[in-house]
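*Asks:* Here is my input; please provide its structure:
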Amino acid sequence: MFEIKDKKFFMNGKPMNIYSGAIHYFRVLPEYWEDRLTKLKLAGFNTVETYVSWNLHEPKPNEFCFEGRLDLIKFIETAEKVGLYCIVRPGPYICAEWDFGGLPAWLLKDKNMQIRCAYPDYLNCVERFYKKLLPMLVPHLETNGGNIIAMQVENEYGSYGNDKEYLRFVENLMRECGIDVLYFTSDGNWKNMLSGGSLPDIYKVLNFGSKAKTAFGCLKDFENNGPDMCGEFWCGWFDHWRDTHHTRDAASVSREVKDFLDTDANFNFYMFHGGTNFGFTAGANYDKNGYAPTVTSYDYCALLNEWGDYTPAYHEIRKLLCEKQGIEMKELPPSPALQSIGEVQLSEFAPLFDNLENIAVKHRAAVPESMEYFDQNYGLIYYETVINGKYDISPLDIRDVHDFGYVYFDDKLKKRIDRTEYTAAKKGLKALFGKKNAGRFLMSAINGSRKIGVLVDIMGRVNYGDKMIDRKGISDIYIGAQRQMGYDIYTIPVDDNLDKLHYSNQKGSLPVFMKGSFNASSKADCFVHLNGFKKGYVWINGFNLGRYWEAGPQKSLYLPGALLKDKNEIVVLEMEGFSKPAVSILDKHNLG
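*Replies:* This is a model prediction of the structure:
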């Protein structure tokens, strides 16, 4: 039995410390789960922690998936097999630099939606998901002989709100579904966050990345019964596009862990192994500098890097933990094998606009509607309207471009709108017509008709803070003060329709899908380098590796060897341009 007594954890009557490491099953292919969990155990950790990604498990309302990469139960059972306890954080919100913080995009179809509060329609959706998810976990609870020792109520809620009715709803729903292990809340080490995000009778933990000896002082007014625990010790950090690659030296991490051990504190390494934001799953932040989407890699400067290899910090922390617990340091599994395949030619081409009828669904609407309105979670969306009459030179205002807009006049590219540039606040004329308001620009006169098209490439939905209601697409087009009406709108989910593309040997216009093939003699990992390409996505054998962008810092994409076959297909969707139709698949990664 796992319990708290005298400000300590006990397992079956014996004192215990939680030394946990975070691995998100949905960021790692199942073929590698046992390897990563074994390396966690051999480093002296006794527990693995994972979030649960609601948006992947329920991609459409009342349609659930718990198979393959989403087989949470298999992940928990694998952890038990290698001798690890498990902490589960089921959300419903998880943050995690994950699209919309793990909330499903279809919530945003409701234009009145209020999230993470006692808004009835939101609560109904949470209840439906929990009643599907939580009963699956019950047989694996420690109270039923399993390895799940604790579960979280919501996630860092004090950073967002203070609706205690909502927190009680989540807690009571968990109890109703049979969850009877230790409950906890986690918040940043600031009284405001603890006041908003905690419940008086629920165990409280703190999240931070430094000053382990003093950080717990913030808890003294809130938690008097439980042991000190850091629910997320940030051993590294994540990267945004247009930013620099974050690193942290092993000595800094080691000093913090030594402080935890010296003070008999408990901790969860966030992250032990970060993995990858495959596909369209990376989230975004929004702060004083505007919109900042997260890169595809979630390496996080974790103890195991993106492809599961050991880092210097891994060896330092392993030594500390094993010495503290008197654990013999056994031989480690070998580092993952890597391979270089070389240059791969992309010899077949399928221009996007030539394939709209093949891969898109056409809708008619009076005004622009968001991607979510049309039941689309990810991909691209294209808006087209025709202006008829005589118009003077006028300001054209394409509003709320989320996130990259390509504006076409009569099928010719006229303007590129980059949300990462225009969202920062500026004053004066530059705000009206400059980069910081790139959706507004002067349009030449019309005498007759002009077709205006706007193709929108989405990045991640905001996953943290007060800008999380982040619908994708555009909200309106104005010429001066005149609202433009009547649109053909094409939803383009991309992932679902690659097999419907029609290719030829003619390059055609941008954006363009390019296809090639290559042989692989092993299932060793490798990395796709896109030198000369500007912005887009890569698929290997139909699996979306994620986004690339010349803006960096990330310059290559991780290709797990488990995806490879003897003969392989690669598809690249390039949005903006390329120097030559060829990529390189190498044994070196470049995160910037």
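*Asks:* which SSE is Tyr548 in?
*Replies:* strand 543-549 (DSSP states H and E).
*Asks:* Which neighbours in the sheet does that strand have, and how are they oriented?
*Replies:* strand 535-540 (antiparallel) (DSSP bridges).
*Asks:* How about residues contacting the partner strand?
*Replies:* If you take Cβ atoms under 8 Å, 6 or more residues apart in numbering as the criterion, strand 535-540 is touched by 404, 457, 494, 498, 511, 528, 530, 544-551, 557, 559, 563-564, 568-576, 583. Every C-beta, even on glycine, is put in place using the N, C-alpha and C of the backbone.
*Asks:* Weed out the non-buried ones from these.
*Replies:* Listed as buried from the contacts of strand 535-540 are 404, 457, 494, 498, 511, 528, 530, 544-549, 557, 559, 563-564, 568, 570-576, 583; burial here means 16 or more other Cβ atoms under 10 Å.
*Asks:* Can you give me the pLDDT of the residue nearest in space to the middle of the chain?
*Replies:* Centroid-nearest residue in the chain, with Cα atoms, centre = their mean: Trp98, separated by 2.3 Å. On the pLDDT scale, Trp98 is placed at 98.
*Asks:* State the distance from it to Asn305.
*Replies:* 19 Å (Cβ to Cβ, to the nearest Å).
*Asks:* again with His140
*Replies:* 29 Å.
*Asks:* And Cys177, by the same measure?
*Replies:* On the measure of Cβ to Cβ, Cys177 and Asn305 end up 36 Å apart.
*Asks:* Give me the more crowded residue out of those two.
*Replies:* Each of Cys177 and Asn305 has its neighbours counted (other Cβ atoms under 10 Å); Asn305 has more, 21 against 18.
*Asks:* Surely the more buried one touches Asp299?
*Replies:* Yes. Using Cβ atoms under 8 Å, Asn305 makes contact with Asp299 at a distance of 5.6 Å.
*Asks:* Which residue ranges of the stretch 201-350 of the chain form helices?
*Replies:* 212-215, 250-262, 312-325 (DSSP state H, counting those that start in this stretch).
*Asks:* low-scoring stretches of this structure, by residue?
*Replies:* 424-437 (pLDDT under 70).
*Asks:* In it, what residue spans correspond to helices?
*Replies:* For the chain, the helices defined by DSSP state H occupy 33-42, 54-57, 72-81, 120-137, 164-176, 191-197, 212-215, 250-262, 312-325, 356-359, 419-422, 429-433.
*Asks:* can you put the ones you listed in JSON lines and add distance to Gln339 and mean neighbour count?
*Replies:* Below are the helices of the chain laid out as JSON lines (distance: least, Cβ to Cβ, whole Å; neighbours: other Cβ atoms under 10 Å):
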{"stretch": "helix 33-42", "distance to Gln339": "17", "mean neighbour count": "21"}
{"stretch": "helix 54-57", "distance to Gln339": "29", "mean neighbour count": "22"}
{"stretch": "helix 72-81", "distance to Gln339": "26", "mean neighbour count": "19"}
{"stretch": "helix 120-137", "distance to Gln339": "37", "mean neighbour count": "17"}
{"stretch": "helix 164-176", "distance to Gln339": "45", "mean neighbour count": "17"}
{"stretch": "helix 191-197", "distance to Gln339": "46", "mean neighbour count": "18"}
{"stretch": "helix 212-215", "distance to Gln339": "40", "mean neighbour count": "17"}
{"stretch": "helix 250-262", "distance to Gln339": "27", "mean neighbour count": "17"}
{"stretch": "helix 312-325", "distance to Gln339": "23", "mean neighbour count": "18"}
{"stretch": "helix 356-359", "distance to Gln339": "32", "mean neighbour count": "15"}
{"stretch": "helix 419-422", "distance to Gln339": "34", "mean neighbour count": "20"}
{"stretch": "helix 429-433", "distance to Gln339": "49", "mean neighbour count": "12"}
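*Asks:* Between those helices, which one is closest to Thr276.
*Replies:* helix 33-42 (12.4 Å; Cβ to Cβ).
*Asks:* send the alpha carbons of that closest one over as CSV?
*Replies:* Taking C-alpha atoms only, helix 33-42 is exported to CSV below (Å, rounded to 0.1, in the frame of the first residue of the first chain):
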residue,chain,number,x,y,z
TRP,A,33,9.2,1.9,-25.0
GLU,A,34,10.9,-1.0,-23.3
ASP,A,35,14.4,0.4,-24.2
ARG,A,36,13.7,3.8,-22.8
LEU,A,37,12.0,2.5,-19.6
THR,A,38,14.8,0.1,-19.0
LYS,A,39,17.3,2.9,-19.3
LEU,A,40,15.2,4.8,-16.7
LYS,A,41,15.3,1.9,-14.3
LEU,A,42,19.0,1.4,-14.7
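*Asks:* Run the chain-centre distance for it.
*Replies:* 22 Å (Cα atoms, centre = their mean, to the nearest Å).
*Asks:* Give me the phi and psi for Gly552.
*Replies:* phi 70, psi -180 (degrees, to the nearest 10).
*Asks:* Kindly report the same for Lys580.
*Replies:* Dihedral angles for Lys580 - degrees, to the nearest 10 - are phi -150, psi 150.
*Asks:* circling back to that earlier point, narrow the buried ones among the contacts of strand 535-540 to those in strands?
*Replies:* Residues of those located in strands (DSSP state E): 404, 457, 528, 544-549, 557, 559, 568, 570-574, 583.
*Asks:* circling back: ok, the residue nearest to the centre of the chain - contacts?
*Replies:* Contacts of Trp98 by Cβ under 8 Å, 6+ apart are 51, 53, 55, 277, 281-283, 463.
*Asks:* Equivalent analysis for Ser335, please.
*Replies:* Contacts for Ser335 were tallied using Cβ under 8 Å, 6+ apart; they are 309-310.
*Asks:* quick one: it from Phe233, how far?
*Replies:* Distance, Ser335 to Phe233, by Cβ to Cβ: 25 Å.
*Asks:* if I read this right, Gly561 contacts Ala524, doesn't it?
*Replies:* Yes. Contact between Gly561 and Ala524 holds when scored by Cβ under 8 Å: they sit 4.8 Å apart.
*Asks:* Overlap in contacts, those two.
*Replies:* Common neighbours of Gly561 and Ala524 (Cβ under 8 Å, 6+ apart) are 336-337, 339.
*Asks:* Val344 and Leu573, how far apart?
*Replies:* Val344 is 15 Å from Leu573, by Cβ to Cβ.
*Asks:* need the contact list for the closest residue to Val181 other than its chain neighbours.
*Replies:* In space, Val181 comes closest to Leu141 once its chain neighbours are excluded; the distance is 5.1 Å by Cβ to Cβ, 6 or more residues apart in numbering. Taking Cβ under 8 Å, 6+ apart, we find Leu141 in contact with 148, 178-181.
*Asks:* now with 10 Å?
*Replies:* By Cβ atoms under 10 Å, 6 or more residues apart in numbering, the residues touching Leu141 are 2, 86, 88, 147-151, 178-181.
*Asks:* which residues does it bridge with?
*Replies:* Under the criterion used here (DSSP bridges), Leu141 is bridged to Ile148.
*Asks:* From Ile149, how far off is it?
*Replies:* For Leu141, the distance to Ile149 - Cβ to Cβ - is 8 Å.
*Asks:* Please consider this matter closed, and thank you.
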